[in-house]
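> I'll drop the sequence and a predicted model, then ask my questions.
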Amino acid sequence: MAHRLFEGKEHAASYWKYRISPSHHLIEKVLDFLEKHRGRPFNLAADVGCGSGQGTLLLAKHFVSVVGTDVSPAQVEVALTHGKAPNITYKQCAAEQLPLADGSVDLLTAMSAFHWFDRPRFLQEAHRVLKPRGCLALLNYTVDMEISYADCCSHTLNEVCKEFYAALQPYRSPHIGRSSIELYQEAYRSIPYPDKEWHECLWVTKPMPLSSYMGLIESFSSYQTMLRDDAQKATKLSEDISQRLLSVMGVTSTDTEVEVSVKYFCLLACKPEEE
């Protein structure tokens, strides 16, 4: 069965506030793959594990209609509040049981969500709902983010960040292991479609206050697990890291803007024509 996390209202709200969406460049790479293998028009996209709807919104301008699905009522509620567009519909459901007709979807995406699914069952469900020559896009990013600040040694800054990530490592879910990229590579190898592509080291850079970078890391499942296990330990860790970053930057306010770079990877696959 899929692992159900990120379902509290506060956690769902933090997703909308802090999570970094795929860049327009990365979405264009997905759409180029779809156009190459299926062609236009782009009618229906389904964004599975859509969370608070950031990625769903990115698809809306390119498709006649988009369906965003998530197993969490709280995430769907946030998406309905913030991730709205006239051609988007949100549905609460499991990733492995989509309320979509056989052969109805041009593009099926899962953005930073596939690793939480029952992966074999989801891939079967994706095959069911995709049109012939429809495409699957599974996107995620690695935890080795980098931050930079003007007139500051980036290496020293990121050494502090690495300590933050290392402290959270023991709290990662066994379901995703030490690195989710291996799960996606395994899925890439298992998908029997002849037309498929693997891309990594796709950097997305976004300016944000240091407080938002901290909020981003605190939205991770590993930090949330630490928070549930030992709230005092988690809070102290976050405060200590924040103060050390401020010290390296030579500033006193967490409103100070930094640049956060996130390394994405993606799996693209095209369902063959049915025999």
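All right, it came through fine. These figures come from a predicted structure and were not determined experimentally.
> going forward, measure contacts between C-alpha atoms and count neighbours the same way
Noted.
> For residue 243, see how far away the closest residue to residue 255 other than its chain neighbours is.
If the residues on either side of it in the chain are set aside, residue 255 comes closest to residue 209, at 4.9 Å by C-alpha to C-alpha, 6 or more residues apart in numbering. For residue 209, the distance to residue 243 equals 14 Å [C-alpha to C-alpha, to the nearest Å].
> about what we covered before: in the sheet, who's paired with the residue nearest to residue 255?
Judged by DSSP bridges, the bridge partners of residue 209 are residue 257.
> Next: residue 69.
With DSSP bridges as the rule, residue 69 is bridged to residue 48, residue 91.
> how about the strands in the stretch 51-200 of the chain?
65-70, 88-92, 105-111, 130-141, 146-148, 195-209 (DSSP state E, counting those that start in this stretch).
> I'd like to know which elements the first one is packed against.
Read that as strand 65-70. For strand 65-70, the packing partners by 3 or more C-alpha pairs under 8 Å, 6 or more residues apart in numbering; DSSP states H and E come out as strand 44-48, helix 54-60, strand 88-92.
> other SSEs contacting the longest one?
Contacts defined by 3+ C-alpha pairs under 8 Å, 6+ apart place helix 54-60 against helix 24-37, strand 44-48, strand 65-70, strand 88-92.
> And the contacts of that helix?
Helix 54-60 has contacts (C-alpha atoms under 8 Å, 6 or more residues apart in numbering) with 16, 21-22, 24, 27, 45, 47, 50, 66-68, 79, 83-85, 87-88, 111.
> let's see it at 10 Å
15-17, 19-24, 27-28, 31, 44-50, 65-69, 79, 82-90, 107, 109-112 (C-alpha atoms under 10 Å, 6 or more residues apart in numbering).
> Name the residue closest to the centre of this protein, please.
The centroid of the chain falls nearest to residue 112 when counting by C-alpha atoms, centre = their mean (2.5 Å).
> That residue against residue 143, yeah?
No: using C-alpha atoms under 10 Å as the test, residue 112 is too far from residue 143 to be in contact (11.6 Å).
> so what sits against both of the two?
180, 264.
> helices or strands up against the longest helix along the chain?
For the chain, the helix with the greatest residue count under DSSP state H is helix 231-249. Judged by 3 or more C-alpha pairs under 10 Å, 6 or more residues apart in numbering; DSSP states H and E, the packing partners of helix 231-249 are helix 154-168, helix 210-218, helix 221-229.
> now the first one against helix 221-229, angle please.
If I follow you right, that is helix 154-168. 50 degrees (axes from the mean of the first three to the mean of the last three C-alpha atoms, to 10 degrees).
> in helix 154-168, what's buried?
By 16 or more other C-alpha atoms under 10 Å, the buried positions in helix 154-168 come out as 157, 158, 160, 161, 162, 164, 165, 168.
> Now tabulate those in a markdown table and tack on pLDDT and distance to residue 253.
Listed next are these as a markdown table, based on pLDDT from 0 to 100; distance: C-alpha to C-alpha, whole Å:
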| residue | pLDDT | distance to residue 253 |
| --- | --- | --- |
| 157 | 95 | 16 |
| 158 | 95 | 18 |
| 160 | 96 | 17 |
| 161 | 95 | 17 |
| 162 | 95 | 21 |
| 164 | 95 | 19 |
| 165 | 93 | 22 |
| 168 | 94 | 24 |
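> could I get the residues you listed as JSON lines with distance to residue 116?
Listed next are the buried residues of helix 154-168 as JSON lines, based on distance: C-alpha to C-alpha, whole Å:
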{"residue": "157", "distance to residue 116": "31"}
{"residue": "158", "distance to residue 116": "28"}
{"residue": "160", "distance to residue 116": "28"}
{"residue": "161", "distance to residue 116": "25"}
{"residue": "162", "distance to residue 116": "24"}
{"residue": "164", "distance to residue 116": "23"}
{"residue": "165", "distance to residue 116": "20"}
{"residue": "168", "distance to residue 116": "18"}
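> Which two among those are spaced furthest apart?
Within the buried residues of helix 154-168, two members stand farthest from each other by C-alpha to C-alpha: 157 and 168, at 17.6 Å.
> Which residues lie in contact with residue 159 in this structure?
By C-alpha under 10 Å, 6+ apart, the contact set of residue 159 is 146, 165, 245.
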